[in-house]
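Quick check, what structure comes out for this input:
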Amino acid sequence: MADFEIDDTVDITDVVCPTTFVKAKVAIEELDDGQILAVRMNDGEPVQNVPRSIKEEGHQILKLTANEDGTYTLIVRKVEDED
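Residues are numbered from 1 along each chain as shown. Reported below is the predicted structural model:
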């Protein structure tokens, strides 16, 4: 994880879809453009859906790492809105 300077972290292991993405999206929106967010999530649906949804929003997925406790950490860079 030393490759990136993490600006903020959000833990969505305590919520289920579709709240997982909503919570991650809100956390991204609170960042400045170019800042990096670490999203901690459970295996299964969140890992399949959250990265895809974030990508569809136009943000950059930098890394998805499996943690030793069965959760995953997704590293996302906020990309500024075009409009």
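
show me the residues around the residue nearest to D7 when sequence neighbours are not counted that make contact.
Nearest non-adjacent residue to D7, counting by C-beta to C-beta, 6 or more residues apart in numbering: Q35, 4.0 Å away. For every residue, glycine as well, the C-beta is placed using N, CA and C. Contacts for Q35 (C-beta atoms under 8 Å, 6 or more residues apart in numbering) come out as 7-8, 77-78.

now do A24
10, 12, 37, 39, 41, 50, 53-54, 74, 76.

was I right about A38 contacting I12?
No - when contacts are counted by C-beta atoms under 8 Å, A38 is not listed as touching I12 (11.0 Å).

filter the contacts of Q35 to the buried ones?
77-78 (16 or more other C-beta atoms under 10 Å).

bridging residues for L37?
D8, V76 (DSSP bridges).

Can you read off the pLDDT for it?
pLDDT for L37: 98.

Same check on the one 4 residues further on?
The predicted local distance difference test score for M41 is 97.

Spatially nearest residue to it (excluding sequence neighbours)?
Nearest residue to M41, sequence neighbours excluded (C-beta to C-beta, 6+ apart): I12, at 5.0 Å.

From D69, how far off is that neighbour?
From I12 across to D69, the span is 14 Å (C-beta to C-beta, to the nearest Å).

so of the contacts of A24, which ones are in helices?
50, 53-54 (DSSP state H).

Take those residues and write them to a markdown table, including distance to A24.
As requested, these are exported to a markdown table (distance: C-beta to C-beta, whole Å):
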| residue | distance to A24 |
| --- | --- |
| V50 | 6 |
| S53 | 8 |
| I54 | 6 |
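
Just give me the closest of the residues you listed to Q60.
Nearest to Q60, judged by C-beta to C-beta, of those is I54 at 8.7 Å.

burial count for I54?
22 (other C-beta atoms under 10 Å).

residues contacting it?
Shown in contact with I54 (C-beta under 8 Å, 6+ apart): 21, 24-25, 28, 61, 74, 76.

Buried members of those residues into PyMOL, please.
Buried residues among the contacts of I54 (16+ other C-beta under 10 Å), as a PyMOL selection:
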select buried, resi 21+24+25+28+74+76
